[in-house]
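J.: following is a predicted model, sequence given first.
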Amino acid sequence: MAIANKNIIFVAGLGGIGFDTSREIVKSGPKNLVILDRIDNPAAIAELKALNPKVTVTFYPYDVTVPVAETTKLLKTIFDKLKTVDLLINGAGILDDYQIERTIAVNFTGTVNTTTAIMAFWDKRKGGPGGVIANICSVTGFNAIYQVPVYSASKAAALSFTNSLAKLAPITGVTAYSINPGITKTTLVHKFNSWLDVEPRVAELLLEHPTQTSLECAQNFVKAIEANQNGAIWKLDLGTLEAIEWTKHWDSHI
Ligand SMILES: NC(=O)c1ccc[n+]([C@@H]2O[C@H](COP(=O)([O-])OP(=O)(O)OC[C@H]3O[C@@H](n4cnc5c(N)ncnc54)[C@H](O)[C@@H]3O)[C@@H](O)[C@H]2O)c1
Ligand SMILES: CCCCCCO
């Protein structure tokens with residue numbers, strides 16, 4: 001998908017990975033970039049607007065843990081204004097294995113509910129135009145950081161959901177792919193709680209190994225958007241972009 005002249009909704013577009021990715025998206029000249037985020041940062045929005053005045057950047061406060069009906073109401077406001085939306089990026093995530101329910105609510109249920117809400121506007125079975133969903137999951141969805149089992153499982157769940165969305169594209173007209181960053185230097189990763197304190201030094205130990213910058217991640221994120229490959233499982237690790245092959249161990253045959 002060429003980003004130029006498209007309408008993009010970016011949930012969590014103001015976070016560490018999110019804001020650098022928003023910058024790279026704006027540089028590619030979409031018609032509209034609509035950022036939904038829990039954090040309000042007018043200075044960041046102003047910076048995006050200044051980066052490319054041809055792009056209409058708008059912000060709406062949004063918490064992915066709200067009921068689907070509330071999300072639908074917000075999306076209706078956006079669709080009434082834009083008429084069409086080409087890409088939804090779901091990027092909200094927290095990393096704190098003390099917060100078990102909230103981790104699942106934000107990282108998994110939030111992604112599912114936001115996706116479910118936009119289907120009402122896109123589903124070709126209802127005469128919709130279809131659309132594209134990019135879900136930010138994680139390499140921990142492939143193989144866990146087992147000291148944060150709740151976070152890792154929430155990302156595995158989001159990855160599995162995204163893989164199913166892609167398989168359902170012939171029915172819904174909505175394609176999907178996952179964005180799976182490796183360890184990327186943002187505030188999320190500086191210090192976080194392990195589950196039941198099984199490893200109080202988990203962040204410190206992880207950060208002893210090579211990482212990538214959020215800019216490297218963002219630049220590869222845009223390449224994945226441009227590739228627009230339904231069902232792709234993109235690994236964005238150590239400054240590289242790789243579409244990984246998912247190992248099949250069982251087939252439903254339906
Ligand atoms: N940094 C990494 O190493 C890494 C690796 C793989 C995946 N990820 C994922 O990338 C995404 C961004 O992470 P980051 O490292 O930039 O961290 P970050 O903390 O800077 O960004 C998290 C983003 O999610 C938003 N968010 C959190 N709770 C929300 C809620 N309830 N409703 C709406 N938005 C909410 C925050 O406002 C922020 O924009 C997350 O999903 C994270 O799990 C990060
Ligand atoms: C430093 C640990 C970062 C974990 C986030 C991976 O999704």
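T.: In hand now; what should we look at? Residues are numbered from 1 along each chain as shown. Ligands and ions are numbered 1, 2, ... in the order given.

J.: how about the residues of the stretch 51-200 of the chain near ligand 1?
T.: 62-65, 91-94, 106, 136, 138, 181, 183-184, 186-189 (CB under 6 Å from any ligand atom). For every residue, glycine as well, the C-beta is placed using N, CA and C.

J.: by residue count, tell me the biggest strand in this structure.
T.: strand 174-181 (DSSP state E).

J.: packing partners of that one?
T.: strand 131-136, helix 149-167, helix 214-227, strand 233-237 (3 or more CB pairs under 8 Å, 6 or more residues apart in numbering; DSSP states H and E).

J.: can you rerun that using 6 Å?
T.: Packing partners of strand 174-181 (3 or more CB pairs under 6 Å, 6 or more residues apart in numbering; DSSP states H and E): strand 131-136, helix 149-167, strand 233-237.

J.: mind putting these in TSV, mean pLDDT and distance to residue 75 included?
T.: Shown next, in TSV, are those (pLDDT from 0 to 100; distance: least, CB to CB, whole Å):
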stretch	mean pLDDT	distance to residue 75
strand 131-136	99	11
helix 149-167	98	17
strand 233-237	99	25
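
J.: all helices of the protein, in order?
T.: Taking DSSP state H to define them, one finds helices in the chain at 16-27, 42-51, 68-82, 100-104, 110-122, 149-167, 169-172, 187-190, 202-206, 214-227.

J.: pull out the buried positions in the second one.
T.: When burial is assessed from 16 or more other CB atoms under 10 Å, helix 42-51 yields the following buried residues: 44, 45, 48.

J.: so what's the second one closest to, chain neighbours aside?
T.: What that stands for is residue 45. residue 59 (5.0 Å; CB to CB, 6 or more residues apart in numbering).

J.: the helix or strand bottoming out on mean pLDDT in the chain and ligand 2 in contact?
T.: When each helix and strand of the chain is scored by mean pLDDT, DSSP states H and E, helix 187-190 comes last, with a mean of 84. Yes - with CB under 6 Å from any ligand atom as the measure, helix 187-190 is seen reaching ligand 2 through residue 189.

J.: of the buried residues of helix 42-51, closest to residue 76?
T.: residue 45 (21.8 Å; CB to CB).

J.: chain center to the longest strand of the chain, what's the gap?
T.: Relative to the chain's own centre, strand 174-181 is displaced by 8 Å; criterion: CA atoms, centre = their mean, to the nearest Å.

J.: neighbouring strands - and their directions - for it?
T.: Strand 174-181 has its sheet partners listed here by DSSP bridges as strand 131-136 (parallel), strand 233-237 (parallel).

J.: for the shortest one, what is the distance to the chain centroid?
T.: Taking the mean of its C-alpha atoms, strand 233-237 sits 12 Å from the chain's own mean (CA atoms, centre = their mean).

J.: which bits of the stretch 51-200 of the chain sit near ligand 2?
T.: Contacts of the stretch 51-200 of the chain with ligand 2, taken as CB under 6 Å from any ligand atom, map to 95, 138, 140, 145, 155, 183, 189.
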